[in-house]
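Participant: Following is a predicted model, sequence given first.
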Amino acid sequence: MAEPVKRLLQGNGACVEGAIYAGLKFYAGYPITPSTEIAEACARQLPRIGGRFIQMEDEIASMAAIVGASVSGLKSMTATSGPGYSLMLENIGYAYMTETPCVIVNVQRGGPSTGLPTKISQSDTMQARWGSHGDFTSVAVAPSTVGDTITETIRAFNLAERFRTPVTILLDEVIGHSREIVTLPQPGQYEIVNRVKPTVKPEKFVPFELTANGVSPMPAYGEGYRYNVTGLTHDVMGFATNRADEIQAKLDKLRNKIANYEDEIQKLRVEMMDDADVAFITYGSVSRAALQATSLARQAGKKVGSIQLYTVWPFAYDRIKELCSRCKKVIVAELNMGQVVHEVEKVVCSDTEIHTLQRYDGEILTPEQLLEKLEEVL
Amino acid sequence: MTTAEKQKSDVFLKYLRPRKKFPSVWCPGCGNGIVMGAFIRAVDKLGYSKDNVAMVSGIGCTSRMPVYMDFNSLHTTHGRALAFATGVKFAQPNMKVVVITGDGDALAIGGNHFIHACRRNIDITTILINNYIYGMTGGQGSPTTPGGALSTTTPYGNVEKHFDPCHLAIGAGASFVGRSTVYHYPQMEKLIMQALEHKGFSLIEIISNCHTYFGRLNRKGDATAMLEFFKENSVTTAKAKNMTPEQLEDKYVIGTLHEDNVKTEFCDEYQKTVDAQRNG
């Protein structure tokens, strides 16, 4: 193995490093703070590797273009922030329905509306789950450091390709703009997943066939499988249907292909939970403060643990329930008015007190604030 | 059926999707079928491989067309066909990418994507079937509904001004622009062939009949009467040269309206960047 390469990178730059490592060949986007550095890095780097970058006329078009490129066989990504994510939701829904792999990065800032372009927030967490209209099961990952951003971006691409689904990376302004020294991944260090292609003859090809794992093989345009892709609810052949049995089968497929493999998608970092009386539950940049606070509290002899959600969606209900079953109290800390806390409430048993620490003034949560909260609830 | 007729129909059947459930969603007499016939015969004459054609559309009656034909097809969201098509074309520059769209799809909700695809001069052929109304949702006014015309959302007459899609495309930078009507079948077929062979963004506007809504609400008669109207009120670009603006008012000028074979194409230009950066 070659000597590891270290770089001083922003989270946004790390995202591009991870994406290219994972096989990114097509980026379409529209400038928006605090995500723009992702577009700029792609504009610089993609031509060098034979990839393609295009600045579209808006975020709706950006999302459309990456879906078009993905059905044409290229691994595709776009990046934006809350206002742009709102616009992308239309065609993110299209990607769910057409089962098109792609990655959407949301470098979150404060909202609603134009909100706080240069300030941190985690207020798009629920939007990443439920934003588009209709029923679907979404996948979203949340890095907490610049280094994490590389590995979580690789994971996002792998999940998108494996499950034929859009995957959202929930970054935030602080990770996106923080600079840290990171080690770039080496060739072969991480597994790269590519979508499964059909092996049957074109005349036998059933584009949205219900396979054992729920994921249908996906050819690229031009490979001889001339099939129909539509946002209308469709049968296994890809043609619009109004038949109740076919409609239900399609929606069940969208859910089950992910729900049946949730445990392989969910990734948590669990620290010092074995004997913990109190648990922090956090994700994204707040997790850094939570880890620090946990460590300091332990030094002071307090039985505190930390659960970090690298996968926010699908939510790890079963594991959170199990991990918290021995806790007397949990503290859900997030940079919004309370989003993930409601998921925790669904599973944490009534014997466990749920406390919240919420900040939505555009500033980060510090370890000191988490420790203060800990003192308050103990 | 004569031998010649049979051969024509065989060509048509060769390009329909063998496993698609028919009939189509179109009303009897709809101009969309005429355009689909012309498109199929144009592609057949040009000898394109079906695998190498991608048809992209949005939402509306017209946008259902790609679903019926045996090409790669992407039936997308309302107005966004050109944005999806840009992704397809840019990802696979050797693919022949065709967008089929209507006046509402292309010019109202999709107006922004339309002008920017023209501006980039990306090598996509857009066939815009203009029937002056929203058909699928039941006869609402569109950006091409003429002033004073009736629709379900302009029940007292349209007070808005309308777009001329061809002039909009020329102004926005499209390098091939032409117009035809569903009456002028042979000319339409030829124009589609020219557009498909043109390198750069091409727009063909095809004036068509929605006798079900536009025709009925505006007392234009049935499909045949509307086609007769297109016949009577069309002038070729050659004839139009010698006519005054007053004489051309309410006339359909048909033929090639604009052709620029010098303007560079988007994917080609990007490839130059890729080549330079890879070698540099």
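Facilitator: Here it is on my side, so go on.
Participant: In chain B, which residue sits nearest chain A?
Facilitator: residue B:87 (2.5 Å; CB to the nearest CB). (C-beta placed from N, C-alpha, C; glycine too.)
Participant: so which strand or helix has that residue?
Facilitator: Assessed by DSSP states H and E, residue B:87 sits inside helix B:81-91.
Participant: Contact residues of the stretch 51-200 of chain A facing chain B?
Facilitator: A:52, A:54, A:56-58, A:60-62, A:64-74, A:76, A:90-91, A:94 (CB under 8 Å from any CB of the partner chain).
Participant: Quick check: buried residues in the helix or strand where residue B:35 lies?
Facilitator: Using DSSP H and E, residue B:35 sits in helix B:31-46. Within helix B:31-46, the residues scored as buried using 16 or more other CB atoms under 10 Å in any protein chain shown are B:31-43.
Participant: which two in the residues you listed are spaced the farthest apart?
Facilitator: Pairwise distances across the buried residues of helix B:31-46 peak at 18.7 Å for B:31 and B:43 (criterion: CB to CB).
Participant: how many other residues sit next to the residue of chain B closest to chain A?
Facilitator: 32 (other CB atoms under 10 Å in any protein chain shown).
Participant: Which residue comes closest to it once chain neighbours are left out?
Facilitator: residue A:68 (2.5 Å; CB to CB, 6 or more residues apart in numbering or on different chains).
Participant: Helix, strand, or coil at that neighbour?
Facilitator: helix (DSSP: H, G, I helix; E, B strand; the rest coil).
Participant: can you pull the contacts of it?
Facilitator: B:56, B:74, B:83, B:84, B:85, B:86, B:87, B:88, B:89, B:91 (CB atoms under 8 Å, 6 or more residues apart in numbering or on different chains).
Participant: any idea how far the helix holding residue B:87 is from the chain center?
Facilitator: Distance of helix B:81-91 from the chain centroid (CA atoms, centre = their mean, to the nearest Å) equals 16 Å.
Participant: Quick one: mean pLDDT over it.
Facilitator: Helix B:81-91 shows a mean pLDDT of 98 in the predicted model.
Participant: tell me how far the ends of stretch A:290-309 are from each other?
Facilitator: 12 Å (CA to CA, to the nearest Å).
Participant: One more: stretch A:298-313?
Facilitator: Stretch A:298-313: ends 30 Å apart by CA to CA.
Participant: what's the next helix or strand after the helix holding residue B:87 packed up against?
Facilitator: The helix or strand immediately downstream of helix B:81-91 is strand B:96-102, counting by DSSP H and E. Under the contact criterion of 3 or more CB pairs under 8 Å, 6 or more residues apart in numbering or on different chains; DSSP states H and E, strand B:96-102 touches strand B:53-57, helix B:81-91, strand B:124-130.
Participant: List the strands paired with the shortest one, with their directions.
Facilitator: Its sheet considered, strand B:53-57 pairs with strand B:72-75 (parallel), strand B:96-102 (parallel) by DSSP bridges.
Participant: Relative to chain B, which residue of chain A is the closest?
Facilitator: residue A:68 (2.5 Å).
Participant: low pLDDT regions in chain B?
Facilitator: Across chain B, the ranges flagged by pLDDT under 70 are B:1, B:3-9, B:280.
Participant: Show me where it has its strands.
Facilitator: For chain B, the strands defined by DSSP state E occupy B:53-57, B:72-75, B:96-102, B:124-130, B:133-134, B:140-141, B:176-181, B:202-207, B:234-236, B:252-259.
Participant: any chance of the ones you listed in TSV, with distance to residue A:353 and mean neighbour count too?
Facilitator: Shown next, in TSV, are the strands of chain B (distance: least, CB to CB, whole Å; neighbours: other CB atoms under 10 Å in any protein chain shown):
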stretch	distance to residue A:353	mean neighbour count
strand B:53-57	55	27
strand B:72-75	52	29
strand B:96-102	58	29
strand B:124-130	60	28
strand B:133-134	56	28
strand B:140-141	56	20
strand B:176-181	69	26
strand B:202-207	65	28
strand B:234-236	78	17
strand B:252-259	72	19
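Participant: Pipe the ones you listed into CSV and attach distance to residue B:169 per row.
Facilitator: Formatted as CSV, these follow (distance: least, CB to CB, whole Å):
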stretch, distance to residue B:169
strand B:53-57, 17
strand B:72-75, 22
strand B:96-102, 12
strand B:124-130, 8
strand B:133-134, 20
strand B:140-141, 21
strand B:176-181, 5
strand B:202-207, 4
strand B:234-236, 19
strand B:252-259, 8
